[in-house]
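> how would this look folded up:
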Amino acid sequence: MQFRQQALSKMQSPEELDLPVRYARPQGILVLAVTLAVLAGAAVWAVTGSVSATLRAPGILTHGRGSYVLQSPVTGQVTRVLAEEGERLPAGAPVLKVRTERGDKVVRAIAAGRVHAIAARIGTVVTTGADVATLERVSGADDPLLAMLYVPADSAAGVPVGASVDLTVPSVPAERYGTLRGRVKAIGRTAQTRQRITGFLGDKELAGRFTEDGPPVAVLVRLETSSRGTSGYAWSKGEGPPFRPASMTPATGTLHLAEQHPIDWLLP
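Below is the predicted model of the structure:
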């Protein structure tokens, strides 16, 4: 009872009523101020900020007109190779000479193009319909180089025309010259089967590689040109390599998709 009486007396004593009441320590006030500042900054970023997304896809450098496989119209033995890889040929130009039972026959290019690969060599025995060469369709030396990327079908809808693209070319050291710059020019409307890609590129192995995870959508990329270097194209580092990239060279593209506002993720 004695202690209870003392406590009641102290509570009723007016001697400390004029002292200020401390609601929080200075450390607590500092923590509260920092927390409010962080929340305010996050709210502003959620409204005005954006998050960029990227998408990687395999592809190939090409002139955009595709390639075709030249097949032998006769059966016989190859006696001469009349064209060289990398050579530009007009339509009807001789490619091979084949000795048949009825004499020598010349295998000619069906359409104008650049010889990408010759499968038949001197002494090779070919049959009717056998693949003997692959030619890329080009009309002239000034045809611009493009990139054809094969994007997964479920991701193609998020690729906008005009999106920037960084292309990594295995034959060009990225640590020294960086990546090849480009922008999306066109997007395919339907997924590409292995047969269609083979018909366009003239290469079954590449078509198989591009369709490993299912039929992709073709995305055509226009390369940015530059007069600063020998390559004729814009690179992320300096003037680029001291040579022009070759057509039918594999490449990997990183597509920069449209930026998204984080606040959109919270809306239904």
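
> packing partners of the longest strand along the chain?
Using DSSP state E, we find that the single longest strand of the chain is strand 180-191. Counting contacts by 3 or more Cβ pairs under 8 Å, 6 or more residues apart in numbering; DSSP states H and E, strand 180-191 packs against strand 146-152, strand 164-168, strand 216-223, strand 250-256. All C-beta spots, glycine's among them, are computed from the backbone N, C-alpha and C.

> let's go with 7 Å and repeat that
Applying 3 or more Cβ pairs under 7 Å, 6 or more residues apart in numbering; DSSP states H and E, we find strand 180-191 packed against strand 164-168, strand 216-223.

> kindly export the shortest one (C-alpha atoms) in CSV.
Right, the one you point to is strand 164-168. C-alpha atoms of strand 164-168 as CSV (Å, rounded to 0.1, in the frame of the first residue of the first chain):
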residue,chain,number,x,y,z
SER,A,164,17.2,-0.9,-82.2
VAL,A,165,19.2,-4.1,-82.5
ASP,A,166,22.8,-5.0,-81.5
LEU,A,167,24.3,-7.8,-83.6
THR,A,168,27.2,-9.9,-82.4
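
> helix or strand right after that strand?
Sequence order places helix 174-177 as the next helix or strand after strand 164-168, per DSSP states H and E.

> and the strands in the stretch 51-200 of the chain, which stretches?
Along the stretch 51-200 of the chain, the segments classed as strands by DSSP state E, counting those that start in this stretch run 54-62, 67-71, 76-81, 88-89, 94-100, 103-108, 113-118, 125-126, 131-136, 146-152, 164-168, 180-191.

> reformat those strands as JSON lines; add mean neighbour count, mean pLDDT and distance to Leu201.
Formatted as JSON lines, the strands of the stretch 51-200 of the chain follow (neighbours: other Cβ atoms under 10 Å; pLDDT from 0 to 100; distance: least, Cβ to Cβ, whole Å):
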{"stretch": "strand 54-62", "mean neighbour count": "19", "mean pLDDT": "93", "distance to Leu201": "7"}
{"stretch": "strand 67-71", "mean neighbour count": "21", "mean pLDDT": "92", "distance to Leu201": "6"}
{"stretch": "strand 76-81", "mean neighbour count": "17", "mean pLDDT": "96", "distance to Leu201": "23"}
{"stretch": "strand 88-89", "mean neighbour count": "19", "mean pLDDT": "91", "distance to Leu201": "18"}
{"stretch": "strand 94-100", "mean neighbour count": "19", "mean pLDDT": "96", "distance to Leu201": "19"}
{"stretch": "strand 103-108", "mean neighbour count": "15", "mean pLDDT": "95", "distance to Leu201": "21"}
{"stretch": "strand 113-118", "mean neighbour count": "21", "mean pLDDT": "90", "distance to Leu201": "9"}
{"stretch": "strand 125-126", "mean neighbour count": "17", "mean pLDDT": "95", "distance to Leu201": "22"}
{"stretch": "strand 131-136", "mean neighbour count": "22", "mean pLDDT": "92", "distance to Leu201": "9"}
{"stretch": "strand 146-152", "mean neighbour count": "24", "mean pLDDT": "95", "distance to Leu201": "8"}
{"stretch": "strand 164-168", "mean neighbour count": "20", "mean pLDDT": "95", "distance to Leu201": "17"}
{"stretch": "strand 180-191", "mean neighbour count": "18", "mean pLDDT": "93", "distance to Leu201": "14"}
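
> what's the closest of those strands to Tyr233?
With distances scored as Cβ to Cβ, the stretch of the strands of the stretch 51-200 of the chain nearest to Tyr233 is strand 180-191 (6.0 Å).

> how far off centre is the closest one?
9 Å (Cα atoms, centre = their mean, to the nearest Å).

> for Gly232, phi and psi?
Here is the backbone geometry of Gly232 (degrees, to the nearest 10): phi 90, psi 0.
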